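**Q** Structure here, sequence nowhere to be found:
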């Protein structure tokens, strides 16, 4: 019998009777379902292994790494001084004789402008690296959150197995009481109905486990299915927990954007400075030349040379001044965005700490009081029901209380772990 077959039985008129008779087989196939789910996940991973796999295989991070390479290569263009100009001239530019002239010119930006462009390239590389770190932090958050959710669901599956055993025992006892005349049909039917409810919850939980495993596999970009190998337990707080979010990678990235845009403003301001022109020429001057009072005839094979130096001064600077002002406004917008994010992040961090305290208090309550009491309630209820001291209503209520406490404990543990993961994300701890 498969879970699909069980689902079919749920809709038949004789569902309660069939489930009651086949309770042991249901338990068998329920355990088999858990076993098959684990078997299909061929690669059990620890949390650390899952994180490292995601960091090494995730395509989004590879894209961000390519962005870093792009800005590193772009930085090398910051020293671009343009093309060298070479002009060859031949003709009668000096006399009736044919002469040659070669003039080489190079215009370079003012040294201050070149320096600011190089610094801009350096800041852009840093910005891309901080963006990569922010992406890594976000990915690790999602991997950790999914991993702990999967641990929770698998622990819940184990609890459902225990719950199934309890209600199976209850159904068996109710059937015996009914056969001996000590119980009634309502008691027997109630026990069978609770068993049916467990099967339904178990089936839903198995589907949730499969969904979580598929999500984890996608995050890791793994070719084969993956599952967890860690034990579901309380996650330790970071040993270096701080009272600020200055280490948050996204905040660092936004602050770097402010630095980049401030540097861009400097670049635009330095472009108002004049460009420097350097030149060299070599030419012939065929004909008579008076040298120290003597007329000497020079042929075209005799070459004369010299140098040129000039400045290109911007005559109309209004457009460039407008670019400077636009860049300054751009930088101010980045600064305001970074300040707003920092304020919001600090608020989220304070909320996360309060959530952690709340979850820790709840978890401590279950560990110190509720769980031991649940075990005591279960033992007493079993003994009292078997001895006829309490009826099935009281016994059923006791079972539900015990199961509720254990289920809430698992939920509380998951909430606590998720709070720790969130704090690690906010402070930038991978």
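**A** Yep, it's here. All figures in this text were calculated on a predicted structure; none of them were measured in a lab.

**Q** Surely residue 429 is in a strand?
**A** No - going by DSSP: H, G, I helix; E, B strand; the rest coil, the assignment for residue 429 is coil, not a strand.

**Q** Let's verify the nearest residue to it once chain neighbours are set aside: helix, strand, or coil?
**A** Nearest non-adjacent residue to residue 429, counting by C-beta to C-beta, 6 or more residues apart in numbering: residue 238, 5.1 Å away. For the C-beta atoms, the positions are set from N, CA and C on the backbone; glycine is no exception. Secondary structure, three-state DSSP: residue 238 is coil.

**Q** Bridged to residue 102, which residues?
**A** Beta-bridge pairing for residue 102 (DSSP bridges): residue 88, residue 282.

**Q** picking up where we left off before, please list all residues in contact with the residue nearest to residue 429.
**A** With C-beta atoms under 8 Å, 6 or more residues apart in numbering as the criterion, the residues that contact residue 238 are 420, 423-424, 427, 429.

**Q** what about residue 207, distance to residue 100?
**A** Distance, residue 207 to residue 100, using C-beta to C-beta, to the nearest Å: 87 Å.

**Q** more crowded one of those two?
**A** Using other C-beta atoms under 10 Å, the more surrounded residue of residue 207 and residue 100 is residue 100, with 16 against 13.

**Q** Make sure that one is indeed in a helix.
**A** No - assessed with three-state DSSP, residue 100 is strand; it does not lie in a helix.

**Q** Wait, it touches residue 87, no?
**A** No - using C-beta atoms under 8 Å, residue 100 is not in contact with residue 87, being 11.5 Å away.

**Q** residues of stretch 351-365 that come out buried?
**A** 352-353, 355-356, 359-360, 362-363 (16 or more other C-beta atoms under 10 Å).

**Q** Name the nearest of these relative to residue 121.
**A** Nearest to residue 121 among the buried residues of stretch 351-365: residue 352, at 37.1 Å, using C-beta to C-beta.

**Q** Mind pulling up the pLDDT for the closest one?
**A** Residue 352 is assigned 93 on the pLDDT scale.

**Q** likewise residue 418?
**A** Reported pLDDT at residue 418 in the predicted model: 96.

**Q** which residues sit in contact with it?
**A** When contacts are counted by C-beta under 8 Å, 6+ apart, residue 418 touches 145, 148-149.

**Q** can I get those residues in CSV with secondary structure, neighbour count and pLDDT?
**A** Output for these, formatted as CSV (DSSP: H, G, I helix; E, B strand; the rest coil; neighbours: other C-beta atoms under 10 Å; pLDDT from 0 to 100):
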residue, secondary structure, neighbour count, pLDDT
145, helix, 17, 96
148, helix, 24, 97
149, helix, 20, 96
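
**Q** Of those, which is the nearest to residue 104?
**A** Out of the contacts of residue 418, the member with the shortest distance to residue 104 (by C-beta to C-beta) is residue 145, at 63.9 Å.

**Q** you'd agree the closest one is up against residue 421?
**A** Yes - applying C-beta under 8 Å as the test, residue 145 and residue 421 come out as touching, 5.6 Å apart.

**Q** that older thread, could the contacts of residue 418 go into a markdown table alongside distance to residue 72?
**A** Output for those, formatted as a markdown table (distance: C-beta to C-beta, whole Å):
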| residue | distance to residue 72 |
| --- | --- |
| 145 | 33 |
| 148 | 37 |
| 149 | 38 |
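
**Q** Could you report the neighbour count for the nearest residue to residue 328 once chain neighbours are set aside?
**A** Nearest residue to residue 328, sequence neighbours excluded (C-beta to C-beta, 6+ apart): residue 265, at 5.0 Å. By the criterion of other C-beta under 10 Å, residue 265 has 22 neighbours.

**Q** need the contact list for residue 139.
**A** Neighbours of residue 139 in contact, by C-beta under 8 Å, 6+ apart: 54-55, 58, 60-61, 219.

**Q** And it, its phi and psi?
**A** phi -60, psi -40 (degrees, to the nearest 10).

**Q** begin at 10 from here
**A** In the new numbering, first residue 10, that becomes residue 148.

**Q** Nice, that's everything, thank you.
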